[in-house]
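J.: only the shape, not the letters, is given here:
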């Protein structure tokens, strides 16, 4: 049974930090492209950052220098460290996993999704 479970969301003042975590179970996530997406009310879901199977990372421009995506392979966990948070970062954040190495921010290529964790700024 494949499962992605996010945690770490919450309410923080502008300029503050949060660290999101996503624990993966039921699949060998080391072979997957793993990503964080977010969706704010009234807006489409957008990719925030992804970590490919080779360890490369990519970020959308609006979070570069503020957010860091990382994997703890021993704990099957994906993290998103978010610093210098802005009101426009407020959204539901989702963890996702894809078997496609070039999934990038293409949502339809992601096989597995978590339930989301809310971030309020």
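T.: Alright, I've got the coordinates. It should be emphasised that the depicted structure is a prediction, and the values quoted were computed from it without experimental measurement.
J.: state the helix or strand in which the residue positioned nearest the centre of the chain lies.
T.: Most central in the chain under C-alpha atoms, centre = their mean is residue 36, positioned 2.0 Å from the mean C-alpha point. Using DSSP states H and E, the element containing residue 36 is strand 33-39.
J.: what angle do strand 33-39 and the helix or strand following that strand make with each other?
T.: Counting by DSSP H and E, the next helix or strand C-terminal to strand 33-39 is strand 46-51. Computed by axes from the mean of the first three to the mean of the last three C-alpha atoms, to 10 degrees, the angle separating strand 46-51 from strand 33-39 equals 160 degrees.
J.: helices or strands up against strand 46-51?
T.: strand 33-39, strand 57-59, strand 67-72, strand 77-82 (3 or more C-beta pairs under 8 Å, 6 or more residues apart in numbering; DSSP states H and E). In this view, the C-beta of every residue, glycine as well, is placed from N, C-alpha and C.
J.: so which of these is nearest residue 18?
T.: strand 77-82 (5.0 Å; C-beta to C-beta).
J.: tell me how far that closest one lies from the chain's centre.
T.: The chain centroid and the centroid of strand 77-82 are separated by 7 Å, computed with C-alpha atoms, centre = their mean, to the nearest Å.
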